[in-house]
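> 3D, please:
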Amino acid sequence: MQFLAAENAPWWRSDEVIGGVAGAVVAAVLTSIITWSVTKGRLSKENTRMTKDLATSKLSANRLRGQLESSQRTVTRLTAVEQKYLNVRNALTNSGVIQHFHQPVLLLGPRAVGKTSLLMQWNAPWERTISVQSTRTHNYATVPVFDYQLPYDVPYAADPDIRTTAYAHLRLRVHDFPGEVSAQTKALEVASQEALQLRADIGQNLGVVLICMFDAVEVVDGISSETNQYYNGDLFQRLRIYVGDSSITIQRLIVVFNKIDLLAKRLPQLSQPELLDRCVTTFMKLLEPLRGACSAEKVCETLTMCDRANLMASQGGPVVKGEAARGMVHAISGPAKVAELLNGNSASTVMSTQFPIVPTLS
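Below you'll find the model as predicted:
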């Protein structure tokens, strides 16, 4: 019966089934254990690697954070610097620059004709402590003529990207020489140097201004030997040669008859125009060496009263000054500024008729 019962038991209770299942379970467990062991080792290595990577990333993050903070500080500093630069730029843009232009002027004539008195009338008419002795050495002074705003902006020297308003200061650089013939060599040397400098500074062939002065009283007393010697000296002969080879250009020849007040006392019956005609007639021959060196439109003459002992009472100086600056003002500022400068007080041009029209020489 028992045997029959065994034969009639369910299939899943058989030893073979139970053994197979047990084997499968054991195999699965072993496989899982092995797989877990392998996976654990791999995960351990991966965890170690990731831990190192995390530490490296933290170091990089800290370094980048430090760089970011440094960059932020730099940005803050540069923002302040930029603001300062903008402030400076605005200040420079609004400040403007000054461009100086100098017209060389040579005061010529024998001793005691009033060259230094004329210069002092321009430069310091209020000065009352000036020696009345004749000039003994060459000297020069800068005389203001005209200041105005140029119609264009210019780059600022310190930063060419900045453009600013330009103001022109026009000046006469007036050279006063002793009245001796021996000083004429120095006058010619200065004329050559100034001509070169003028071309370099302005870029235009303006030339030098010559102011030839005479003592008007010699109309009555006769031309003195000193005056004859001076105007027949080597200076005027060589000037013509220098002008001929374009080493020197004469921008303006201004003939000044000084001490007209004394002449008027000697010839009270003559009017000022008549006194001027008498002066022109008397002294014209002495200027013969300059004929051909200066064309007619560059020649003018005027009467002055320049007394170094009483500069405030002097007369005629502004006319001479305006004529001396005429060419430079015209070249840089235009004819309208010339009219403003002269203000209707121009010199006469009686002597110009005795000079040829030679544009190529002057």
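> spit out the contact partners of Gly105.
That one is not Gly; residue 105 is Val. By C-beta atoms under 8 Å, 6 or more residues apart in numbering, Val105 lies in contact with Leu172, Arg173, Val174, His175, Val208, Val209, Leu210, Ile211, Ala324. Just so you know, the C-beta spots here come from the backbone N, C-alpha and C atoms, and that holds for glycine as well.
> mind checking which of those residues land in helices?
Among the contacts of Val105, the ones falling in helices (DSSP state H) are Ala324.
> so which of the contacts of Val105 comes closest to Thr39?
Arg173 (99.6 Å; C-beta to C-beta).
> show me where this structure has its strands.
Remark: strands assigned in the chain by DSSP state E are 97-108, 139-156, 159-176, 208-215, 250-258, 299-303.
> ok, of these, where does mean pLDDT dip lowest?
When these are compared by mean pLDDT, strand 139-156 comes last with a mean of 85.
> and it with strand 97-108, angle?
In terms of direction (axes from the mean of the first three to the mean of the last three C-alpha atoms, to 10 degrees), strand 139-156 departs from strand 97-108 by 160 degrees.
> just to check, Phe236 is in contact with Pro289?
Yes. Between Phe236 and Pro289 there is a contact under C-beta atoms under 8 Å: 3.8 Å.
> more crowded one of the two?
Neighbour count, other C-beta atoms under 10 Å: between Phe236 and Pro289, Phe236 has more, with 21 against 17.
> distance of that one from Thr142?
26 Å (C-beta to C-beta, to the nearest Å).
> which regions of the chain sit below the pLDDT cut-off?
Scanning the chain for pLDDT under 70 picks out 1-21, 124-135, 203-205, 308-313, 356-362.
> run the chain-centre distance for stretch 157-173.
Mean-position distance between stretch 157-173 and its chain equals 4 Å (C-alpha atoms, centre = their mean, to the nearest Å).
> actually stretch 80-95, not the one I wrote
Chain-centre distance of stretch 80-95: 21 Å, with C-alpha atoms, centre = their mean.
> same check, this time on stretch 175-195
Centroid displacement of stretch 175-195 relative to its chain, using C-alpha atoms, centre = their mean, is 28 Å.
> quick check: which of the strands of the chain is nearest to Glu226?
Comparing the strands of the chain under C-beta to C-beta, the one sitting nearest is strand 208-215, at 9.3 Å.
> helices or strands up against that closest one?
strand 97-108, helix 115-123, helix 184-202, helix 225-231, strand 250-258, helix 317-333 (3 or more C-beta pairs under 8 Å, 6 or more residues apart in numbering; DSSP states H and E).
> show me the contacts for Ile202.
Contacts of Ile202 (C-beta under 8 Å, 6+ apart): Phe101, Met328, Ala331, Ile332.
> tell me the one of the residues you listed nearest Tyr152?
For these, the residue nearest Tyr152 by C-beta to C-beta is Ile332; the value is 12.1 Å.
> what's near enough to touch that closest one?
Each residue near Ile332 by C-beta under 8 Å, 6+ apart is listed here: Phe101, Ala168, Leu170, Ile202.
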